[in-house]
Every structure is written in C-alpha cells, then in structure tokens.
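> structure, please.
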Amino acid sequence: MKLRMCSRFIFFLSSIVLVSLNLRAQTLESLPLLRSDTTKHDTIKNETPSSVPAGNDQLSAPRNYYNLLRNKAVSRKGLFTVHKVEDKFYFEIPDSLLGRDLLVVGRIAQGAAGVRPGYTGYAGDQIGSTIIRFEKGPGHKLFLRRITYQDHAGDTSNAMYAAVVRSNLQPLVAAFGIGAYSPYGKASVIEVTDYINGDNDILFFNSSTKKSMHVGGLLRNMCYIKDVDSFPMNVELRTIKTYNLTSSGEPFTLELNTSIVLLPEKPMRKRFADRRVGYFTERYTDYNANPQGVKVVNYIKRYRLEPKPEDMERYKKGELVEPARPIVYYIDPATPKKWVPYLIKGIEDWQVAFERAGFKNAIQAKQAPAGAEKLNWSLEDARHSAIVYKPSSIANAAGPIITDPRSGEILESHINWYHNLMSILRNWYFIQCAPSDPRARKMKFDDALMGELIRSVAAHEVGHSLGLTHNFGASSTVPVEKLRDREWLEEHGHTPSIMDYARFNYVAQPEDSVSERGLISRIGEYDLWAIEWGYRWYPDLQPEEEIAVLNKWVTEKQENKSLWYGSELTTDDPRTQTEDIGSNAMQASEYGIKNLKRVMGNLLTWTYQENDGYKDLTEIYNGVTNQFDYYLGHVLTNIGGIYETPKSPAQAGPVFQMVAVESQKEAMEFLKRNIFATPTWLLDTMVLARTGESPTQTVGKSQDMVLRHLLSTNTLSKLSVSEAMYGDRAYRLIDYFNDIDEAMWKELKTYSPVDIYRRNLQRTYLDRLIELSEKAGKDYRDVGPIIRVKLQEIHGLIKKAISRTKDPITVYHLKFMEEKLAQSVDN
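Reported below is the predicted structural model:
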C-alpha cells in the first residue's frame, strides 16, 4: 500500500514537471524577440536558475535547449536568432538555411589612428568578402564551407556535371559542435564566441588586405565582441580587434563590422558581357559550352531591376514603370550639409538613363535615418548602398561594389568620398578652366561652383557602382572644334560619357564664352545607351537567347560614333587616354597650352591669399607643369599607336589598325615645337623666385619623359612591326630617327650657342641612344644597325662643330659628348 502510494506520488510529481516544462516551452516560444522593425530590444530571460555551465565544444553532446539558454539569456530574432548568455554568443540556425548561400562582407567601422597605408584603413573600407554555407555533419556538428563559383558544368543531366563536381570539392573552413537543437528540432544552436573573437579570413581580413595594411598577429587579450544584431535578411557583427603591425610590431586597434547576408534562393538572370559595352564582369569556366574544350564565360555586374508583377504587361508595351525594388543610395550623416544636395543630384542624374531602360524612379538618394529611425539602421549594414564620407587627406573617390558571383547581381555599394578630393577638384578646374570661367580665378571656390564639381564626380562614381567601367575612348569621338562651340556644348557636353577621365573642357578659349555646361563633364549619350543595354529587361528571352538580340543591337548602335567604348585596358590606342579630350590630341593640346600660358601670366594674382605664404602658388604651379606633361603624353601615344576597335565577326574592317603616318608625324612636329624647343613660358622668374622650383629640373623632367617614350623598346618595336606590315605607309624607323635628329642637333649645323636647357636635352638624348645601342646589340631587326650608324653621324657632326663654334660653354659641352661618343663608337 505504501509502495503504491509512493509510485502514485512520483507519477504526480513527474506530471507536474512535464507540465512545467511544457509551459516553459510555450512561454519561451511565445515571448517577443527583437525584430528589425522594433525600436527597443525585447529580451528573453529564463528565470529558472541553472548551475550547469553553457558549453559548446565539439566533443560534448547537445544539451537541452532550455538548459543551454538559461537565465540572463538575451535573444534577437532575425536571419539567425542570436542568443547572448553572459559573455557567450550563440547562433540558432534554422534547418531551412542549411545549404543556402550566405555572403559575408567585412568592413572597418572605425579606423585605427595612424594606420592608413595608401587608400586603406578608413571607416567603411572593405576588408573581405566571401560566400559560405552551413551544413550538418556527423557527430552533432555543423560545418562551415567556403563556396566559389569558378567552374560550371551545366545541369545535373549533363555527363560532364559529375566529373566537374568530383574535381571541385568546396573546402570546409570551420566546425561547430551543436550545443542544442531547438524545441521542435528545426534549428541548431552553436556557440560562435571564440570564432567571432578570434582571427579568420571568413569574417575579417582577407590575405591581400592584411598584406596591404601590414596586419600581423591578433592580440586576443585586447579583443572583444561589441555587439551582434540580427535582421530579417542579415546578421551584423561588431568586434574590437587589436593586431600587431608587420612593419613595426606596434599594436593598433580597429572596430570591425561583419555582415552575413542571405543571397537570393533564385539568382538573378545573367546578362552576358560584350566587349563593346563597358561593364564590370564576373566569370566562370564552362566545361559544357564547348564539346572540344572549355570556354571562359563573362557576365556583367548590375542591380536586379525588374518590373512589379502587376506592371509586367505595361513594361512589355513600352510604358515607363517603377521597379519592384529601386536602387537606393544613402548619404553618410558625417557629410557636410552644404554638399548633400549636390551628392543627391549626382545620384539622381542617372534617372534619365534608367528611363531609357523602361524604369521610372529607379534610382533614389536618401539621407541616412536619424533619431529613433536610426536604431535599426547602420551604415555598415551590407543591405544598404551609401556614399561614405571619409575625413582623409587623400584626394580621391571610389565606387566599389559587392556582387552575387552566381549572377553578377550588385547587392550594394559603399562609395568612398575622401574629404581632400575637393582640393584636387579645385586645382584641376583652376588650371584647365580659369581662363574661361572667372569664378575659378581664386583659391577658394564659391559653394555653387564646388557643388557642381562634386556633383560631376558623384555621378561618375555612382556610374561605377551601377556596374559601368571607365570609357576612356568616349571623348575622342568629339571633333576638337566642337569643343569651342558653345551652342553644341550646351546640348551635348564635351564628352559623351561621364565614365571617361575627361573631367573639364580645357580646349575652350576665353573668347568662346562657353558656359558651365560646356566645361564640366556630365552624363552623356554613351552613358544613357550603356545603362539601357545593361538594364533593359527581356522577360520572354532566356539569357542565352539574349546574346543574338543584344549583339545585333550593339552592332547597329556602333554606327553612332558617340556610343563607341574605349577600354581603359587598351594602352596603345591614342583614343583611350586619361585626362584627354577631343579627336586630335595635337590640336587639343595646342589649345590647352594656350590656356596654361594664360594661367601662368596670372598665377601670382589668382593664387594670392593674404597672410598665407606661397603654398598655393607652389601647388598650382606644379599642377600646371603636370598638366603640360599630360598634353605631351597624349601626343606621344600617337607615335607607334595602334587603334583597337572590338568588333563582332559581322562587322566589317580590322580590329587592330596602325595610326596613320600623317598623325604620327604631326605628333612629332608638336614635340619639336613644344618640348624640344624650350618651353620658356613655364619659366616665369617671378614665380620661380617664390616657389623655389628649379627651372632646369622643371623642363628636364618633361624632356626626359618624352625621350624615354620615344626611345623605349616598346615604341621602337611597334614602329618596326608596322613597317614590316605596311611598308612605305608606315612611319619608317630611319625617317623617325632623322626627324628626332633634326630637332635635336639644329645648333650644330649653324654653329650657334646651345643654352643650358638644350645642352641638358642633347646630353640626355645621347645617353639614351648609347644605352639603347647596347641593348639593341642582340636585336636582329633594324633598330640596332640604325642606332649604330646614327651615333657615328652624330659623332662626325659634333667633331665638325667643335672647331667652328665660338661659345665657350657650348664647346665644352660638345667636347664632353664627343668623348662619350668616341668610347661608344670604338666599342
């Protein structure tokens, strides 16, 4: 009887415990967790005390969910439910996310003082990006796998598929013991404290960024997890990391932000690249496309821009519709308020381009949330594109993008805007446009002018973040005389593409009365076309079927020269240069030099600032000499130049073509006038006396740059190849050297004095020839023999001039060269 009563009592107690556990489970599951749309962090607090320590090492068996998440647990619900128990962090990962692709993006949230090599190390800078998957393994483990998409083998029905898969096992990069399963067994809880608090190339620095920033070993005792937050599509990690510098061993501390973002279950449809339209690309090796080999497939990077389902038929009919998800850029709250409107304009200037593609209100600019709205918004959140303002002495801006490598979909962009960019914008515009724009004739521009310069650069960087590469060939399609036509410029601008480095119209002369619209680059005809090509939606075609349609479209558009794309990778084509404008570099540069002479004549007045010394004068003077070097470089590229015009097989004409010999000789004549004849206009004594610049070094560096190019093995090789291919239609090497000699030794034929600048030039030329002669000794082409004979001719010319020249320093100069030549010719 006592035994029976005891058994009933035990059963009664057991029932109470089970009821209690069930009630606890219901309470835990029903309590509100933090969500991304709340303004406060709701928490779960398990009141039942537990003395069992939470553990999640790989050797321990899973614990009871409620014992693991004991009292003082704080939970945040989102992509993963994130639990914090005292100083430990746990991810509760649903089974539905196992095997899903997750993009991990690491950024600097706060930079370290003094540790900024080059352009790296600032808040907002990206330090790593990779794709991962979580997978269940044996022994109650969860594995982390790094994923790449470099190889492609078609669908699973293809025989090649299995072979490619067998040879491309993606690596496991981390393993976590499952600390507990959720009450209904649909999620796994893993402890991630050590992984987040340690150092790894998944969440933090990749190897290349570590190297560039000189990041050494992690000092774990000076690291901690600041916060882990969870949103519907992403998890955000904030950590404090202290490393040693590899260069000095000194410690430095950073605050890092890591975003783990869920990639779309169905990737965006690809658009295959075309070399005639400039887009950044992803690529993979396709083992299925070519039955007798492999094929490298390139597809462009672009945002996913698609009509809303209810608007699809309207879009097909050609009506403008709003996209299902517009492209939104936020402005960093740290941006000076007076520049915000111009940055917004630079972003929204692209609206008209997307209208060409069939979308209205497709791109929007917003100021970052403030006040209560900011609680669940972060600039480092990988879901947000933004212009990030950097308090930096670097004069630059850049528009990097994060993409889904499976499809090329741009997920977000953080455009880096460095504070000191405004100084270089001022200098460029001052030097190139002050003769035409009186507002630029001072060292501090009015906000309205500086704002328009900022707007132009913002539009350029946004273009990159939309997927567009540089189009360095765009400005070469504009006839030089059109660059002085005010009415034409008002309509077209001085370049068809904001993606060119054709920043300002330096050809326009003061008498042309060209307005701001004709001086500052803006979105042009090529940009409108490129966005239409990349973003127009073809719902009834598969990506492979689009190829023929788009190819035909590009071929037709190429008839319009303004839509020509010149890749920045094409280095030998004089049409694809940086900082140049116009169809003829010689004509454009002559106009540019006229304006530089005007600047030099007013330099002391226009740079004057009371109580400020001559720092600005020195800076602008150096800018003038650098601009002059740009003009020389633009001209030089014509000599031995090769036009490269990508074409489809259906298009007539060659892809590679020699620059016409007439253009090459025109370039040589330009050099004779503007650099072999001393550019004395650069040598204003009043300016040099205040800047301390050396006149001989100023001229010498430009002359040396020109000679190095003219006598480089690359230039001579191209001339030699052209002569072999085209014969008398080419710029023959013997004519080439004769033309240089004519400019170099003219005083020797008249026995005239040689001034210091020309003496330096002649000695530099002779040194280059002798150096080249020694290198060309093993060259079986014509370069070696021609130089050998040239040295002999010069030797004879100098010997004759020594006896007839009266100027003493010129005689010493000639004797010095004669001795050098005697040694060289004898050898």
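
> now name the helix or strand holding Ala743.
Assigned by DSSP states H and E, Ala743 belongs to helix 733-744.

> which other helices and strands contact that helix?
On a contact count with 3 or more CB pairs under 8 Å, 6 or more residues apart in numbering; DSSP states H and E, helix 733-744 meets helix 661-671, helix 713-726, helix 756-775, helix 783-802. For every residue, glycine as well, the C-beta is placed using N, CA and C.

> pull the residues that contact the last one.
Contacting residues not belonging to helix 783-802 are listed as 716, 720, 733-734, 737, 741, 745, 747-749, 751, 766, 769-770, 772-773, 776-778, 811, 814-815, 817-818, 821-822, 824-825 [CB atoms under 8 Å, 6 or more residues apart in numbering].

> mean pLDDT for the helices and strands packed on helix 733-744 - can I get that in JSON lines?
Formatted as JSON lines, the helices and strands packed on helix 733-744 follow (pLDDT from 0 to 100):
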{"stretch": "helix 661-671", "mean pLDDT": "98"}
{"stretch": "helix 713-726", "mean pLDDT": "93"}
{"stretch": "helix 756-775", "mean pLDDT": "92"}
{"stretch": "helix 783-802", "mean pLDDT": "91"}
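
> can you list the residue ranges for helices in the stretch 501-650 of the chain?
Using DSSP state H, counting those that start in this stretch, the helices of the stretch 501-650 of the chain run over 525-535, 543-557, 585-606, 615-636.

> which one of those is the most hemmed in?
helix 525-535 (a mean of 23; mean count of other CB atoms under 10 Å).

> would you mind putting the CA coordinates of it into PDB?
Output of helix 525-535 as PDB, limited to C-alpha atoms (Å, rounded to 0.1, in the frame of the first residue of the first chain):
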ATOM      1  CA  GLU A 525      24.800  59.800 -74.700                       C
ATOM      2  CA  TYR A 526      27.100  56.800 -74.200                       C
ATOM      3  CA  ASP A 527      26.000  56.500 -70.500                       C
ATOM      4  CA  LEU A 528      22.300  56.500 -71.400                       C
ATOM      5  CA  TRP A 529      22.900  53.800 -74.000                       C
ATOM      6  CA  ALA A 530      25.100  51.700 -71.700                       C
ATOM      7  CA  ILE A 531      22.500  51.700 -68.900                       C
ATOM      8  CA  GLU A 532      19.800  50.800 -71.400                       C
ATOM      9  CA  TRP A 533      21.900  47.900 -72.800                       C
ATOM     10  CA  GLY A 534      22.600  46.500 -69.300                       C
ATOM     11  CA  TYR A 535      19.300  47.100 -67.600                       C
END
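
> sorry, back to before: of the contacts of helix 783-802, grab the buried ones for PyMOL.
Applying 16 or more other CB atoms under 10 Å to these leaves a buried subset, and the PyMOL line that selects it is:
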select buried, resi 716+720+733+737+741+745+747+748+766+769+770+772+773+776+811+814+817+818+821+824
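
> what ranges do the strands span in the stretch 251-400 of the chain?
Taking DSSP state E, counting those that start in this stretch as the criterion, the stretch 251-400 of the chain carries its strands at 251-262, 281-286, 295-300, 327-331, 363-367, 385-390, 397-398.

> so which bits of the first one are buried?
When neighbours are counted by 16+ other CB under 10 Å, the buried residues of strand 251-262 are found to be Phe252, Thr253, Leu254, Glu255, Leu256, Asn257, Thr258, Ser259, Ile260, Val261, Leu262.

> neighbours of the nearest residue to the fourth one once chain neighbours are set aside, just the number please.
It stands for Glu255. What sits nearest to Glu255 in space, not counting adjacent residues and going by CB to CB, 6 or more residues apart in numbering, is Gln110, at 3.8 Å. Neighbour count of Gln110, defined by other CB atoms under 10 Å: 15.

> quick one: residues contacting Gln110.
Here Gln110 is in contact with Ala123, Leu254, Glu255 (CB under 8 Å, 6+ apart).

> dig out what the last one forms beta bridges with.
Legend: beta-bridge partners of Glu255 under DSSP bridges are Gln110, Ile240.

> could you report the pLDDT at Arg781?
pLDDT for Arg781: 68.

> what does Leu379 give?
So Leu379 comes in at 76 (pLDDT).

> local confidence estimate at the nearest residue to it once chain neighbours are set aside?
Using CB to CB, 6+ apart and skipping residues adjacent in sequence, the residue nearest Leu379 is Ala386, 5.8 Å away. Note for Ala386: predicted pLDDT of 92.

> Ala386 and Ile131, how far apart?
22 Å (CB to CB, to the nearest Å).

> so the two - more neighbours on which side?
When neighbours are counted by other CB under 10 Å, Ala386 comes out ahead of the other of Ala386 and Ile131, with 24 against 20.

> could you double-check that the more buried one sits in contact with Ser378?
No: if you go by CB atoms under 8 Å, Ala386 and Ser378 don't touch, sitting 10.1 Å apart.

> least reliable of the helices of the stretch 501-650 of the chain by average pLDDT, please.
Per-stretch mean pLDDT for the helices of the stretch 501-650 of the chain is lowest at helix 543-557 (a mean of 90).

> that helix: how far from the chain's middle?
27 Å (CA atoms, centre = their mean, to the nearest Å).

> shift numbering so it begins at 42
Taking 42 as the first residue, the last one we looked at is helix 584-598.

> mind giving me the packing neighbours of that helix?
helix 566-576.

> can you list the weak-confidence ranges in the stretch 442-591 of the chain?
For the stretch 442-591 of the chain, no stretch is flagged by pLDDT under 70.

> one more time with 90, if that's ok
Across the stretch 442-591 of the chain, the ranges flagged by pLDDT under 90 are 442-443, 453, 455, 457-461, 580-586.

> so Met727 sits in a helix?
Yes: counting by DSSP: H, G, I helix; E, B strand; the rest coil, Met727 falls inside a helix.

> neighbours around it, how many?
Neighbour count of Met727, defined by other CB under 10 Å: 9.

> not counting sequence-adjacent ones, nearest residue to it?
Leaving aside its chain neighbours, Met727 sits nearest to Leu645 (6.2 Å; criterion: CB to CB, 6+ apart).

> how close does that neighbour get to Ser223?
77 Å.

> how about the strands in the stretch 42-191 of the chain?
Under DSSP E, counting those that start in this stretch, the stretch 42-191 of the chain gives strands at 114-117, 122-126, 129-135, 143-151, 167-178, 182-188.

> before I go, just wanted to say thanks for your time.
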